[in-house]
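>>> Any chance you can model this:
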Amino acid sequence: MPAKEKVEINIAKMKVMRFNAVSEEKIMVNGEELEDVDSFVYLGAKVSAAGGADHDITSRLGKARAVFGKLTGVWKSNILNKSTKSRIFKSNVIALLLYRCESWRMTEGDEAKLDTFQQKCLRRLLKIYWPMDVSSEEVRRRANTETISELVRKRGWTWIGHVLHMDNSCLPRVALTWAPEGKCKRGRPKEMWRRSVEKEQMAIGFNSWVEAGLAAVNRVSWRSTICGPILHTGKRH
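The predicted structure is shown next:
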């Protein structure tokens with residue numbers, strides 16, 4: 001049998017994040033103490049102990065603003081037409097902003113931040129200034145785009161379609177339909193990604209994950225279904 005390869009670990013890059021930890025005892029590896037953190041970046045996404053996507057959204061917005069600022073010369077150009085500028089905006093700024101957005105659990109505040117950022121960028125790109133009486137809907141029509149919050153939901157459901165094609169034993173499929181044991185604490189439950197997705201599921205017309213899974217078998221039909229409007233089904237918190 002071939003010898004097992006030795007795995008080397010970079011201890012300096014290892015971090016510890018605790019959730020409801022009973023013990024606060026330091027973790028040691030090869031005599032070195034691992035650093036305790038409240039958040040860390042994994043594959044470009046920011047993971048925090050508080051949960052949710054607030055930190056990740058804020059981080060992505062900061063990066064998108066920086067890129068938009070670096071392309072000021074493009075937005076001011078009189079040579080490029082509006083259609084070209086809009087395509088550059090989508091491929092460089094929006095693509096960066098929405099990286100790994102499929103698992104974002106968004107509140108109304110998060111949606112407002114994303115959509116406001118988009119409006120500010122589009123108005124600058126299209127040279128629509130504050131004295132001009134142009135609605136947000138008209139701005140998006142001229143740019144041939146949707147709101148960021150709608151794009152996030154549609155990307156999320158595109159990813160869910162891939163998950164529903166997986167075997168029932170695959171971890172993403174298990175996590176999507178798994179029902180935890182035990183009882184919730186008293187009081188109003190927190191809005192979680194799965195709860196918000198299940199509300200959207202009902203709005204789309206799927207009464208259960210089994211029904212959604214059957215619909216996902218036909219990829220063409222699934223794409224046409226999720227590319228329609230995914231309605232709000234109540235307030236997000």
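
>>> And the protein, what are its domain boundaries?
Listed by automatic domain parsing, the domain ranges of the chain are 50-145, 150-179+193-237.

>>> centre of the chain versus the first one, how much separation?
What it means is domain 50-145. Chain-centre distance of domain 50-145: 15 Å, with C-alpha atoms, centre = their mean, to the nearest Å.

>>> how about JSON lines for the domains of the chain, with mean pLDDT added?
Listed next are these as JSON lines, based on pLDDT from 0 to 100:
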{"stretch": "domain 50-145", "mean pLDDT": "90"}
{"stretch": "domain 150-179+193-237", "mean pLDDT": "79"}
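
>>> Dump those into JSON lines; add mean neighbour count and distance to residue 29 as well.
Using the backbone N, CA and C atoms, a C-beta is placed for each residue, glycine as well. Shown next, in JSON lines, are the domains of the chain (neighbours: other C-beta atoms under 10 Å; distance: least, C-beta to C-beta, whole Å):
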{"stretch": "domain 50-145", "mean neighbour count": "16", "distance to residue 29": "26"}
{"stretch": "domain 150-179+193-237", "mean neighbour count": "15", "distance to residue 29": "26"}
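
>>> Save these as JSON lines, and put in distance to residue 38 too.
Converted to JSON lines, the domains of the chain look like this (distance: least, C-beta to C-beta, whole Å):
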{"stretch": "domain 50-145", "distance to residue 38": "8"}
{"stretch": "domain 150-179+193-237", "distance to residue 38": "20"}
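
>>> Which stretch among those approaches residue 11 most closely?
The closest of these to residue 11 is domain 50-145. By C-beta to C-beta, the value is 24.7 Å.
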